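Colleague: Okay, predicted coordinates and the sequence, questions at the end:
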Amino acid sequence: MASGNHTHVAEFILMGISERAELQIPLFLVFLVIYGLTVIGNLGIITLTSINPRLHTPMYFFLRHLAIINLGDSTVIAPKMLINFLAAKKSTSYYECATQLGGFLVFIVAEIFMLAVMAYDRYVAICNPLMYTVVVSRQVCVLLVSLTYLYGLFTAVVVTSCVFSVSYCSSNVINHFYCDDIPLLALSCSDTSAPETAVFFFSGTNLFFSMIIVLISYFNIILAILRIRTSEGRKKAFSTCGSHMAAVTIFYGTLLFMYLQPRTNHSLDTDKMASVFYTLVIPMLNPVIYSLRNKDVKDTLKTFFRSSCLSCKPLLT
């Protein structure tokens, strides 16, 4: 990038969710609670699936990494957002903004494909149970998770490089609560066709291929469940994938709402509300969805609390 062709912007101003001064403290408190619950819930899932040998299976291995991704996604966004609710000047440096965009892309892309991997895992478990331990072996699990993170990192490096390869001139006010690609490109005073193409290509292909995996997996899962003759058998089969189906529906529903709006109805304010949902609310909800609908997780949680209470009794006497 030749310095003679670009006006370097030293910092950006984040408008946040609302510019109304009287809402800053209430919004700070609301999102502080959301982030706190996200950290507690996802650290809880990570801890429970690590300490209980019964949860050392492929399904819980993937769930643990989904919790890591959710925690990472929220942590990239929430702390800076909370600081800006209380700050007089809601600024972020040029390189801090690039780092936040890159971190966000790593985790959001990883989440898209982790959900697809989890759908494939449930497909093999229900449709081909005799081959499950062979098809979804420990080595395969590690490979799938590694590829998910590596592809998220690759996407982040390419898209962030494209977004920050253009000129940012006089305007540096981002109509968002974090550094996102589309609001950033809206500020550019140079040709944005190349970075917009990169954003559209990666967003479209990632969403398309991950959804294809999810839809095919669940289409076959539902067919297999319907072929089960006993109602008890169908109920047990649905219970093994019900939590994941709920998480997938919420996550992809939000993304489809955001990307499939008619351009005449599309606005950055609508994007902000959708972004709040998939960067902060969904990472908070996922631990609740998986723990409330999963007997193994609930039993491990009860055992953990029971053993913690017993270990605390000698200290209190």
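Modeller: Thanks, I have the structure now. Numbering: from 1, shown residues only.
Colleague: okay, now Ser243: neighbour count?
Modeller: For Ser243, the count of nearby residues is 22 (other C-beta atoms under 10 Å). (C-beta placed from N, C-alpha, C; glycine too.)
Colleague: hang on, isn't it packed against Ile289?
Modeller: Yes: with contact defined as C-beta atoms under 8 Å, Ser243 reaches Ile289; the gap is 5.4 Å.
Colleague: I'd assumed Tyr252 was in a helix, is it?
Modeller: Yes: looking at Tyr252 with DSSP: H, G, I helix; E, B strand; the rest coil, it is inside a helix.
Colleague: That one is in contact with Met211, isn't it?
Modeller: Yes: with contacts counted by C-beta under 8 Å, Tyr252 reaches Met211, the gap being 6.3 Å.
Colleague: where does the stretch 101-250 of the chain have low pLDDT?
Modeller: In the predicted model, the stretch 101-250 of the chain carries pLDDT under 70 at residues 240.
Colleague: Strands of that one, start to end?
Modeller: With DSSP state E, counting those that start in this stretch, the ranges of strands along the stretch 101-250 of the chain come out as 173-174.
Colleague: For it, which segments count as helices?
Modeller: Remark: helices assigned in the stretch 101-250 of the chain by DSSP state H, counting those that start in this stretch are 132-135, 138-163, 181-185, 193-226, 231-259.
Colleague: and the second one, what does it pack onto?
Modeller: Helix 138-163 is packed against helix 58-86, helix 94-127, helix 181-185, helix 193-226, with contacts defined by 3 or more C-beta pairs under 8 Å, 6 or more residues apart in numbering; DSSP states H and E.
Colleague: thinking again about what came up before, hey, which of the helices of the stretch 101-250 of the chain is tucked in deepest?
Modeller: Highest mean neighbour count among the helices of the stretch 101-250 of the chain (mean count of other C-beta atoms under 10 Å): helix 181-185, with a mean of 20.
Colleague: from the chain's centre, how far out does it sit?
Modeller: Relative to its chain's centre, helix 181-185 lies at 19 Å (C-alpha atoms, centre = their mean, to the nearest Å).
Colleague: Would you mind pulling the contact partners of that helix?
Modeller: By C-beta atoms under 8 Å, 6 or more residues apart in numbering, the residues outside helix 181-185 that reach it are 12, 97, 101, 105, 159, 163, 166, 168, 174-176, 192, 195-196, 199, 268, 271.
Colleague: related to what we said a few turns ago, joint contacts of Tyr252 and Met211?
Modeller: By C-beta under 8 Å, 6+ apart, no residue touches both Tyr252 and Met211.
Colleague: What residues sit buried inside stretch 11-20?
Modeller: Buried residues in stretch 11-20, counted by 16 or more other C-beta atoms under 10 Å: 12, 14-17.
Colleague: right, and out of the residues you listed, which lies closest to Leu82?
Modeller: Nearest to Leu82 among those is Gly16, at 10.6 Å by C-beta to C-beta.
Colleague: Tell me the secondary structure of the closest one, please.
Modeller: Secondary structure for Gly16, judged by three-state DSSP, is coil.
Colleague: Thank you, goodbye.
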